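1. Show me the folded form of this:
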Amino acid sequence: MSTFTNPLKQRLAEAEPLFGLWLSLGSDSAAEALAHAGFDWLLIDMEHAPIDSADVTSQLRAIAAAHLPSEPVVRVPTSEGWLVKRVLDAGARTVMFPNIESAEEATHAVRLTQYPTPEALDGLRGVAGAVRAGSYGMRRDYVQTANAQIATIVQIESARAVHDVEKIAATPGVDCLFIGPADLAASLGHLGDSKHPEVQAAMSHVVAAANKAGISTGIFAMDAAGARQYRDAGFRFIALAADVMWLVRATRQALQEVRS
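-> Numbering: from 1, shown residues only. A predicted model of the protein is given here:
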């Protein structure tokens, strides 16, 4: 088996924009259905959705069942070793860490995804053999090849993070900076106004820092028009809203049409 089996990690280093979707419903059926829609990636959100590590495993299985190239991403709620370990053992290969505010925090996040090896002696990931990620012990080369497969995405969501963004972007092992526009706006004193010029300037600063470091920048778009604008502004890892948002929008629109 190849030592490099996470295509999303490779694609994050390329210029092509990658479009994904937030999975917030906690439903493995919804995850499987949406894996057939053709997204480049689907994010299982443990931070703001009622999703635990068992739910992550079921949704990873559901996405894999579609046999299409939608790569699952898991956003953990915090940079805790035990939780990251469970997500990786379940088979996640791309992990998003929220609210990273310094290069030290970014380094810690990367270390949580890495086994200790001669190349990464400071890796903090614990070793377990009979886990889903390693085909329950049937894949003998898993622990030797896992480090190269993991992609690490860190979220830039505060004024402090923007201040240190060049150092965060240059952190070895960080593959993408992902802006949380709502939290960033709130941190800059503009709660609910991500279009404020100060927030927009901060976003542009993050994109420039990522470009300088040779990594991607991501963001959450509320709709297709916003996604296109972000793409044109240099973002390359773009979430096209969330499953629950599209569910409510589509059903509400249909109901309004039938009642009119």
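2. Where does the prediction get shaky in this protein?
-> Residues of the chain that meet the criterion pLDDT under 70 lie in 1-4.
3. Now do the spatially most central residue of it against residue 141, distance only.
-> Residue closest to the average C-alpha location in the chain (C-alpha atoms, centre = their mean): residue 96, at 4.0 Å. If you measure residue 96 against residue 141 using C-beta to C-beta, to the nearest Å, the figure is 26 Å. Every residue, glycine included, has its C-beta placed from N, CA and C.
4. Same check on residue 190?
-> Distance, residue 190 to residue 141, by C-beta to C-beta: 49 Å.
5. More neighbours: which of these two?
-> In terms of neighbours (other C-beta atoms under 10 Å), residue 190 is the more surrounded of residue 190 and residue 141; the figures are 16 against 11.
6. Next, count neighbours for the residue lying closest to residue 136 once chain neighbours are set aside.
-> Ranked by C-beta to C-beta, 6 or more residues apart in numbering and with sequence neighbours excluded, the top spatial neighbour of residue 136 is residue 130, at 5.1 Å. Taking other C-beta under 10 Å as the criterion, the count of residues near residue 130 is 10.
7. Could you pull up phi and psi at residue 130?
-> phi -90, psi 60 (degrees, to the nearest 10).
8. isn't it right next to residue 137, touching?
-> Yes: taking contact to mean C-beta atoms under 8 Å, the distance of 4.3 Å between residue 130 and residue 137 places them in contact.
9. Common neighbours of the two, please.
-> Residues touching both residue 130 and residue 137 (C-beta atoms under 8 Å, 6 or more residues apart in numbering): none.
10. Can you classify the residue lying closest to residue 75 once chain neighbours are set aside as helix, strand or coil?
-> Nearest residue to residue 75, sequence neighbours excluded (C-beta to C-beta, 6+ apart): residue 96, at 4.1 Å. Three-state assignment for residue 96 (DSSP: H, G, I helix; E, B strand; the rest coil): strand.
11. what's across from residue 96 in the sheet?
-> On the basis of DSSP bridges, residue 96 takes part in beta bridges with residue 75, residue 153.
12. so it makes contact with residue 73?
-> Yes: look at residue 96 against residue 73 with C-beta under 8 Å: they come within range, at 5.8 Å.
13. joint contacts of these two?
-> A shared contact of residue 96 and residue 73, defined by C-beta under 8 Å, 6+ apart, is any residue touching both; here these are 43, 153.
14. How about the contacts made by the nearest residue to residue 159 once chain neighbours are set aside?
-> Setting aside the residues directly before and after it, residue 159 is nearest to residue 187 in space (C-beta to C-beta, 6+ apart), at 4.8 Å. When contacts are counted by C-beta under 8 Å, 6+ apart, residue 187 is found next to 157-160.
15. ok now do residue 194, which residues does it touch?
-> When the contact criterion is C-beta under 8 Å, 6+ apart, the partners of residue 194 are 181-182, 184-185.
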